[in-house]
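Asker: from the sequence below, what's the structure:
(one chain, ligands or ions: 1)
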Amino acid sequence: MTDQETDAPGHIRTPPSDLDAEQCVLGGMLLSADAIGDVLDLPLAGNDFYKPAHETIFAAILDLHSRSEPADAVTVGALLAKSGDLNHIGGGPYLHTLINSVPTAANAGYYADIVKELAVLRRLGEAGTRIVQMSYVTDRSDAATVVDLAAAEIQAVTGDTRTDGVTTVADEAETFLEGLLDNTKPRNYLPTPYRDFRDAVPIEGGDMVVVAGDTGMGKSVVMVDFVRHAAIECRKRTLLVSIEMNADQLMQRMFAAEAKVPLHHLRGDVNIDDFEQKRLGKAAGRILDAPIDMIVDGTVTLGRIRSTLRRMQARHMLPELVVIDYLQILTPERETGNRTIDVGALSRGIKRIAMDFRIPVIVGAQLNRQLNGRTDKRPVLSDLRESGSIGQDANIVVLLYREDYYERESPRAGELELIVAKNRQGPLCNITIGFQGHYSRALDMAQT
Ligand SMILES: Nc1ncnc2c1ncn2[C@@H]1O[C@H](COP(=O)(O)OP(=O)(O)OP(=O)(O)O)[C@@H](O)[C@H]1O
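Answerer: Residues are numbered from 1 along each chain as shown. Now for the predicted structure:
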């Protein structure tokens, strides 16, 4: 549906653009604040629109959004009427045309991609025209300079000349030394539940931590432990994204772990004794009081997690930890039909969330099947190899192993090994903790 037609010879071609896609982006943004977030994430800029009226409407939507005001046909219409732009964009009815152009706001990011790519092609064409003009220099000794200028033109097309994100070693070294010498400003490490793990594996904002294991090895148990420790013990705001378990199952596990009441007593078909009731009451006090937000949804996408974080940030309630259970069952934004590519995109998306919001993200990952064909079932980093780029994207990889999972009579029954297979800021090591599956929790050996 692009307007990039091959016009008759001698006629000027329409520059690359897709007005339908532009309408769908704006229609989606007028329908939902989440769509605005998805479009901004790209990021799409006003001058990426080909039609000037669309750029004006886009700016009005962003103006309202930045003031945390709703941006719909009525509010945007009022704002444009006030600035005198309403007639130029086609009047109030055009805003309704935009809304009617999309069946759902969910695809705004997809259409924004199209608009962005066409804007890049347009700029490439403009840069090409300028480069052609530059090539008509009269002095051939200017050739090297013209090549440099032409290269700069091409770089500018993709925005490579932006200076944001570029820093100097001098600046960073100064900040680093200042931080090192200023003992009054301790580094903000995430408080983690198991003592030896805490000492060996420092986790900071921006880190992606992967907790991987064979099916049923205890990934959810460990991740709920991280949530309980950060939020209940240390009062750090935490966002828990549960794709696998519903809210009821999640609560059963949290209460079992916190109250030390066997999980199967909490399924509603066993009488709970007085002693357990008392412990559940105390646990309820702690859990109700904890700063834990949850997204419990089997179809959640990373776009939705980003939008949630952005809204929390706008309310100054950005969590200090995000936990996602688990990576391979997250819904990809756009399925390519190639699992490795889709999982790779999810993994990079998680890393970007951690970096953009400067918070640690702990994510569960299922190990691939090659483990089952081996005699030694202890997992190694390469067991993640075929799972997209999880191993590369992660700052820290913790592999879970319980010998009694494979050998019921193992002398190491009740032990869970945390195999730290990647640790960018610390040593690789094996940490043994106690696994209490019936309470859905793990803990330091000394406490078992
Ligand atoms: N009542 C119980 N008594 C003993 N162990 C239990 C009990 N309930 C669950 N478990 C143990 O806890 C494990 C579940 O752990 P968890 O759900 O965290 O694994 P997971 O790695 O997240 O699994 P999945 O791959 O299915 O997501 C089970 O494999 C089981 O060994």
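
Asker: could you find the closest non-adjacent residue to residue 233?
Answerer: Nearest non-adjacent residue to residue 233, counting by C-beta to C-beta, 6 or more residues apart in numbering: residue 191, 7.0 Å away. C-beta: built from backbone N, CA, C; applies to glycine.

Asker: the one you found belongs to a strand?
Answerer: No. Under DSSP: H, G, I helix; E, B strand; the rest coil, residue 191 falls outside any strand and is assigned coil.

Asker: my guess is residue 378 meets residue 402, correct?
Answerer: No. When contacts are counted by C-beta atoms under 8 Å, residue 378 is not listed as touching residue 402 (10.2 Å).

Asker: which residues do the two both contact?
Answerer: Residues within reach of residue 378 and of residue 402 at once, by C-beta atoms under 8 Å, 6 or more residues apart in numbering, are residue 417.

Asker: these two: which is more packed in?
Answerer: With other C-beta atoms under 10 Å as the criterion, residue 378 and residue 402 differ in neighbour count, and residue 402 comes out ahead with 23 against 14.

Asker: and that one, how close does it get to residue 440?
Answerer: For residue 402, the distance to residue 440 under the criterion C-beta to C-beta, to the nearest Å works out to 14 Å.

Asker: residues of this protein that sit close to the ligand?
Answerer: Residues of the chain lying near the ligand by C-beta under 6 Å from any ligand atom: 213, 215-221, 244, 262-264, 366, 437-438.

Asker: ramachandran coordinates for the residue of the stretch 51-200 of the chain found nearest the ligand?
Answerer: Residue nearest to the ligand within the stretch 51-200 of the chain: residue 193 (14.1 Å; C-beta to the nearest ligand atom). For residue 193, the backbone dihedrals (degrees, to the nearest 10) come out as phi -70, psi -30.

Asker: these two touch, right, it and residue 224?
Answerer: No. Under the contact definition of C-beta under 8 Å, residue 193 does not touch residue 224, with a separation of 9.9 Å.

Asker: just the residues of the chain next to the ligand: which are in strands?
Answerer: Using DSSP state E, the subset of the residues of the chain next to the ligand located in strands is 213, 366.

Asker: quick revisit: for residue 256, see how far away the residue nearest to residue 233 is.
Answerer: Distance from residue 191 to residue 256, counting by C-beta to C-beta: 22 Å.

Asker: which of those two has more neighbours?
Answerer: The neighbour count for residue 191 versus residue 256, taken as other C-beta under 10 Å, is higher for residue 256 (26 against 16).

Asker: near residue 411, how many other residues are there?
Answerer: Using other C-beta under 10 Å, the number of residues around residue 411 comes to 8.

Asker: make that residue 443, sorry
Answerer: Look at residue 443: counted by other C-beta under 10 Å, it has 18 neighbours.

Asker: what ranges do the strands span in this structure?
Answerer: With DSSP E as the definition, the chain shows strands at residue ranges 208-213, 238-242, 292-296, 321-325, 361-366, 396-401, 415-423, 429-436, 441-443.

Asker: okay, the ones you listed in a markdown table with mean pLDDT next?
Answerer: As requested, the strands of the chain are exported to a markdown table (pLDDT from 0 to 100):
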| stretch | mean pLDDT |
| --- | --- |
| strand 208-213 | 96 |
| strand 238-242 | 95 |
| strand 292-296 | 93 |
| strand 321-325 | 96 |
| strand 361-366 | 96 |
| strand 396-401 | 96 |
| strand 415-423 | 95 |
| strand 429-436 | 96 |
| strand 441-443 | 95 |
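
Asker: can you redo the ones you listed as TSV with distance to residue 82?
Answerer: Written out in TSV, the entries for those read as follows (distance: least, C-beta to C-beta, whole Å):
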stretch	distance to residue 82
strand 208-213	45
strand 238-242	38
strand 292-296	36
strand 321-325	39
strand 361-366	41
strand 396-401	51
strand 415-423	55
strand 429-436	62
strand 441-443	58
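
Asker: which one, of these, ends up nearest to residue 374?
Answerer: When those are ranked by distance to residue 374, counting by C-beta to C-beta, first place goes to strand 396-401 at 12.3 Å.

Asker: which strands or helices does the closest one pack on?
Answerer: Contacting strand 396-401 under the criterion 3 or more C-beta pairs under 8 Å, 6 or more residues apart in numbering; DSSP states H and E are the following elements: strand 208-213, helix 219-227, strand 415-423.

Asker: out of the ones you listed, which is the most enclosed?
Answerer: The densest packing among the helices and strands packed on strand 396-401, expressed as mean neighbour count by mean count of other C-beta atoms under 10 Å, is seen in strand 208-213 with a mean of 27.

Asker: taking helix 219-227 as reference, get the angle to that one.
Answerer: Counting by axes from the mean of the first three to the mean of the last three C-alpha atoms, to 10 degrees, strand 208-213 points 140 degrees away from the direction of helix 219-227.

Asker: just the C-alphas of strand 208-213, formatted as PDB.
Answerer: Once non-C-alpha atoms are left out, strand 208-213 reads as follows in PDB (Å, rounded to 0.1, in the frame of the first residue of the first chain):
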ATOM      1  CA  MET A 208      19.600  -9.100  32.800                       C
ATOM      2  CA  VAL A 209      19.800 -12.100  35.000                       C
ATOM      3  CA  VAL A 210      18.700 -15.500  33.500                       C
ATOM      4  CA  VAL A 211      17.500 -18.300  35.800                       C
ATOM      5  CA  ALA A 212      17.500 -21.400  33.700                       C
ATOM      6  CA  GLY A 213      16.700 -25.000  34.300                       C
END
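
Asker: surely residue 109 meets residue 41?
Answerer: Yes. Under the criterion of C-beta under 8 Å, residue 109 makes contact with residue 41 at 7.1 Å.

Asker: looking at these two now, which is surrounded by more residues?
Answerer: Shown here are residue 109 and residue 41; by other C-beta under 10 Å, residue 109 has more neighbours (23 against 18).

Asker: how close does the more buried one sit to residue 45?
Answerer: 15 Å.

Asker: where in the stretch 301-448 of the chain is pLDDT low?
Answerer: Residues of the stretch 301-448 of the chain that meet the criterion pLDDT under 70 lie in 385-388, 448.

Asker: helices along the stretch 201-350 of the chain, start to end?
Answerer: With DSSP state H, counting those that start in this stretch as the definition, the stretch 201-350 of the chain shows helices at residue ranges 219-227, 247-259, 274-289, 302-314, 339-357.

Asker: return the most buried member of those helices.
Answerer: By mean neighbour count, with neighbours taken as mean count of other C-beta under 10 Å, helix 219-227 ranks first of the helices of the stretch 201-350 of the chain at a mean of 24.

Asker: CA atoms of it as CSV?
Answerer: Once non-C-alpha atoms are left out, helix 219-227 reads as follows in CSV (Å, rounded to 0.1, in the frame of the first residue of the first chain):
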residue,chain,number,x,y,z
LYS,A,219,12.8,-21.8,38.3
SER,A,220,9.5,-20.4,39.5
VAL,A,221,10.4,-21.2,43.1
VAL,A,222,13.7,-19.3,42.9
MET,A,223,12.2,-16.4,41.1
VAL,A,224,9.4,-16.0,43.7
ASP,A,225,12.2,-16.2,46.4
PHE,A,226,13.8,-13.2,44.6
VAL,A,227,10.5,-11.3,44.7
